[in-house]
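Sequence first, then the predicted structure, then my questions.
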Amino acid sequence: MYSVGDYVVKANNGVCRVEDIVHLDVSGASKDKQYYLLIPQADKSAKLYVPVDTTSTSIRSVMSEEGAWNIIEKIPDIDEAWIANDKLREQEYREALKSCDPELLVGIIKNIYLRKKKRLSEGKKSTSVDDRYFRLAEQALYSELAFAIGRDPEEIDQIIQDKINKR
């Protein structure tokens, strides 16, 4: 169970602060059921309500600073998530984003990057699905890494490039 003031990662919303633990006062909602009131760091005007009893699949703790640096160090060694089947690719992208697993996000980013590079060499454009999921995966990964190491998300790409180039 998380406490007020904890930071968590929620799929599609990124890093959020647990603002409160509440009972919803709406018709049809159980008066006994508790919810985390989450405030996304990217949009502090938003309010998300997540049932306390279903958090194992919908939110997780933000990685530590050490964990973030470990992920950054491991990026060159993480395999791309190669998915040959076009119909399954978008589903795999969606599942990786939903999982909020940094290594899965890196695999998706690497896969899309390599696909784009290959398509460009063949004189083709990147697909809109790849472009959209690349942006979403990068945003999810970079925002958590930035939060964990105390940097701006815009700096993360350069930090990763520097680490890769030092190898």
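Right, received. Where do you want to start?

hey, where'd the helices end up in the chain?
All helices of the chain, identified by DSSP state H, fall at 55-58, 65-74, 86-99, 102-121, 128-149, 153-166.

Looking at those helices, which is nearest to D32?
Between D32 and the helices of the chain, the shortest gap by C-beta to C-beta is with helix 55-58, which sits at 16.6 Å. Heads up, the C-betas are built off the backbone N, CA and C, glycines and all.

Scan the chain for its longest strand.
strand 14-23 (DSSP state E).

Most distant residue from the centre of the chain?
S27 (32.6 Å; C-alpha atoms, centre = their mean).

Would you give the sheet partners of the longest strand of the chain, along with the direction of each?
strand 7-10 (antiparallel), strand 34-40 (antiparallel) (DSSP bridges).

what residues does stretch 99-107 touch?
9-11, 60, 63, 71, 74-75, 78-81, 95-97, 137, 140-141, 144-145 (C-beta atoms under 8 Å, 6 or more residues apart in numbering).

again, only using 7 Å
For stretch 99-107, the surrounding residues in contact (C-beta atoms under 7 Å, 6 or more residues apart in numbering) are 9, 11, 60, 63, 71, 75, 78-81, 96, 137, 140-141, 144.

What of stretch 12-19?
2-10, 36-42, 48, 62, 97, 140, 143-144, 147.

out of these, which are buried?
2, 7-10, 36-41, 48, 62, 97, 140, 143-144, 147 (16 or more other C-beta atoms under 10 Å).

Next up, the contacts around A68.
145, 148-149.

if we go to 10 Å?
Contact analysis of A68 by C-beta atoms under 10 Å, 6 or more residues apart in numbering lists 62, 102, 141, 144-151, 156, 159.

pLDDT weak spots in this protein?
For the chain, the stretches flagged by pLDDT under 70 are 29, 55-57.

Serialize the strands paired with strand 14-23 to CSV and add fields for distance to G123.
Below are these laid out as CSV (distance: least, C-beta to C-beta, whole Å):
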stretch, distance to G123
strand 7-10, 39
strand 34-40, 40
